[in-house]
Every structure is written in structure tokens, then in C-alpha cells.
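1. Got a sequence here, can you model it:
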Amino acid sequence: MRSWRQMRWDERGRRTAARSRKWAESSRPPEFLANTHGNQLSRTQIVKSGGYFSVKPGLARSQSKTHEAEKRTLNQLQKIEQRLAPLKNALLNHRIYGEIDRVDVLRLFMEHHVFAVWDFMSLLKVLQRRICCVEVPWVPPADPQACHFINEIVLAEESDDDGRGGIASHFELYHRSMKQCGASTTGIDGLLCDLRRGIPVLTALASPTVPVAARHFVQETFKIIGSGDLCAIASAFTYGREDLLPDVFQRVVDKLNMEAGGQLEYFQYYLQRHIGLDGDEHGPIATRLLQSLCGADDALWEKAEQAAVDCLLARQELWTGIYDAISSKGASLGNLDPAAPAPQ
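-> The predicted model follows:
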């Protein structure tokens, strides 16, 4: 029987999903009619009658311009998707998935991939800092609707139901998954320890306990963060998400969990929660946010497109780096008991 806490979180999730779909699928929600580039109508030009929003009389010309701006943003999204299609296809069909056929190999994968799970939160936190007010004294955010949905994502990513009656971030779920299956957390724990001591992130990444491929991936992420370009950061957050893991990966994990006697139950739950939310709820929200930030500005869309390409290329390099690490350790891995915990 599900606990009251789990039922409450399920209900919250359903309400959030409904709001997310309504916002993401809306072609012109009132809160976004006034974006930062002045290409859309002012809120003062919107009237509500009988539960519907409509434009005041005499604004046909402005309305036409708004529709044209929306058409341009949709064209820009399609342009990005077309450019990213071969990169996504290469990731979803990467040879690494054919190598993850034993628990000991999955451990090695997780010891690298955990850094991508961690730096995803840094992208989200930058967006929260830039779009919401997290300073004291507090002032109202410029865009309450964008603020609301960023905070919804933060709530789920940073303090979700852990499946055991408690609360945990998705990173913590992943970390617990590593512990449960015997993967080493030395690299990521060392990085977090250095960051808590105030060591700059790029210096902390230079530690020999951080895998080389993971180091390069995180460096690329913080290069985008360091640029300060909000559209580039939002694009990295939108297109560098965990829905890049194919369905076959979930099936492999399910199979390995049975072979390992339940050592991957936490990892199964992580995949269901984090990747499920990415595809069903957070992905559409992030796309709509990117539309709002870039508006009809071609220069901003070019930056967003390049950031998306850079993120997928970095992810491809990470996958290739993990594949090489698996190959180079193949002999030693082959001598291990697949279900035995790895040394910490």
C-alpha cells in the first residue's frame, strides 16, 4: 500500500504535469505576451471576458506582428531540431550501449555519468538565479510565470520523493544507486568535498580522482555557464537532458538488476523519476522558456543553437570516453565477479 506521502507527491505531480502541458502547449499565454524584446503585446492590451483572453479592439496590427513573431520562433526551434537530429541519433545509437552487459561495466559507466547528473543541477540553479529572485532583499521576478515553472523543476530535481517515504534530490538518488550496486563514489565525493572547502570548480576538477572524460564534459558545461549568456544556458539545459538515454538502456538495467539480485533497484527508480520527468514535463517547459528568452531575435537563436550543438558534442565525447575506459579495463573487468561490489 502506498503511503500518504507518496500519494500526496503523486497528486502534486499530476497537477504539475497538467499545468506544464497547459503552459508548454499554449501558443500565446498572457504572461508571455510581453517578452523582453518587445515583440509581443503588452499585458495591458489583454482583456478577460467570459473566461477567455482576447485583444482589445483596434490592435489587429499588433496582433498580426505577434503571430509573425511566434511563427519565427517556431521556425527557429525547427531549425535547431533539424541541426541536432543527426547528433541525437548518434548518441542514441552509440556503441557504448552494446558494452553495458554486466554490472561491473555499469559501475564504470556510473562513475563517469554521475558528473553529468551533478552538473545538470548547476545549469538549473543558474536559471533559477537569473529568472527568479533568490537575493535579499527580495523583489518580484520580472516574469512570474517563468519563475513559477523554474521553481517547479527545482522542487522536483532537488527534493523529490525518494521512493522509500523520504525526500532526496535526483543527484542523491543517483549517488545512492552507486552505493547500492558497489560503484565507487570516490571521484564525485572528492569533487564535492573540495567545492565545500571553497576550491574553484575548475581547480577541483583537476583532481586525479575525476575521470578524464567526465572532467572535459563538466568543463564544457561551465564554459557555457561562465559565458553568462542566458539563452545559451537555457539551451544547454533544454537540449542536454537525460532523455538522450535510449529506452534500451532501461531494459538493460532491468535485466542486470535481475541478474544482480536487486542491486540496481535504486537506479531503476532514478531512471523512472528523472528521465520520465525530463521527457514528459520538464522538457516542454524548458523549450517554452527558451522561446520566451530568445523571442524573435535571430542573434540570440544563433547562440542558443550553437550552445545546443556544443552540449551534444560534449555528451558524445563523454560517451566515447566512457567506452574507451571500458575497453581499456576490459581484461581486468572480465576477471571480476559481475555481482561483486567494486572497491571503494
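2. quick one: low-confidence ranges for the stretch 201-344 of the chain?
-> 242-243, 276, 278-280, 330-344 (pLDDT under 70).
3. where do the helices sit along the stretch 101-250 of the chain?
-> Taking DSSP state H, counting those that start in this stretch as the test, the helices found in the stretch 101-250 of the chain are 103-131, 144-158, 170-181, 186-196, 201-205, 212-227, 230-239, 247-259.
4. Show me which residues of the fourth one are buried.
-> Same thing as helix 186-196. For helix 186-196, the neighbour count (16 or more other CB atoms under 10 Å) marks 187, 188, 191, 194 as buried. Heads up, the C-betas are built off the backbone N, CA and C, glycines and all.
5. Which residue, other than its chain neighbours, is closest to residue 287?
-> residue 238 (5.8 Å; CB to CB, 6 or more residues apart in numbering).
6. wait, doesn't that neighbour sit right on residue 286?
-> Yes: using CB atoms under 8 Å, residue 238 is in contact with residue 286, at 4.0 Å.
7. Check the helices of the stretch 101-250 of the chain for me and report the most buried one.
-> Counting by mean count of other CB atoms under 10 Å, helix 230-239 has the highest mean neighbour count of those, with a mean of 25.
8. Give me the residues contacting it.
-> Helix 230-239 is contacted by residues 80, 84, 120, 123-124, 126-127, 130, 221, 224-225, 227, 283, 286-287, 289-290, 293-294, 300-301, 303-308, 310-312 when judged by CB atoms under 8 Å, 6 or more residues apart in numbering.
9. what's the closest of the helices of the stretch 101-250 of the chain to residue 270?
-> Nearest of the helices of the stretch 101-250 of the chain to residue 270, taken as CB to CB: helix 170-181 at 4.4 Å.
10. Residue 135: neighbour count?
-> If you count neighbours by other CB atoms under 10 Å, residue 135 ends up with 8.
11. what separates it from residue 292, distance-wise?
-> 22 Å (CB to CB, to the nearest Å).
12. Now distance to residue 270 too, for the helices of the stretch 101-250 of the chain, in TSV please.
-> Output for the helices of the stretch 101-250 of the chain, formatted as TSV (distance: least, CB to CB, whole Å):
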stretch	distance to residue 270
helix 103-131	9
helix 144-158	12
helix 170-181	4
helix 186-196	14
helix 201-205	23
helix 212-227	18
helix 230-239	19
helix 247-259	10
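13. nearest to residue 76, of those helices?
-> Of all the helices of the stretch 101-250 of the chain, it is helix 230-239 that lies closest to residue 76, at 10.9 Å by CB to CB.
14. and the closest one with helix 144-158, angle?
-> Interaxial angle, helix 230-239 versus helix 144-158 (axes from the mean of the first three to the mean of the last three CA atoms, to 10 degrees): 50 degrees.
15. Offset the numbering so it begins at 40, please.
-> Let's use 40 as the start, then, which means that last one is helix 269-278.
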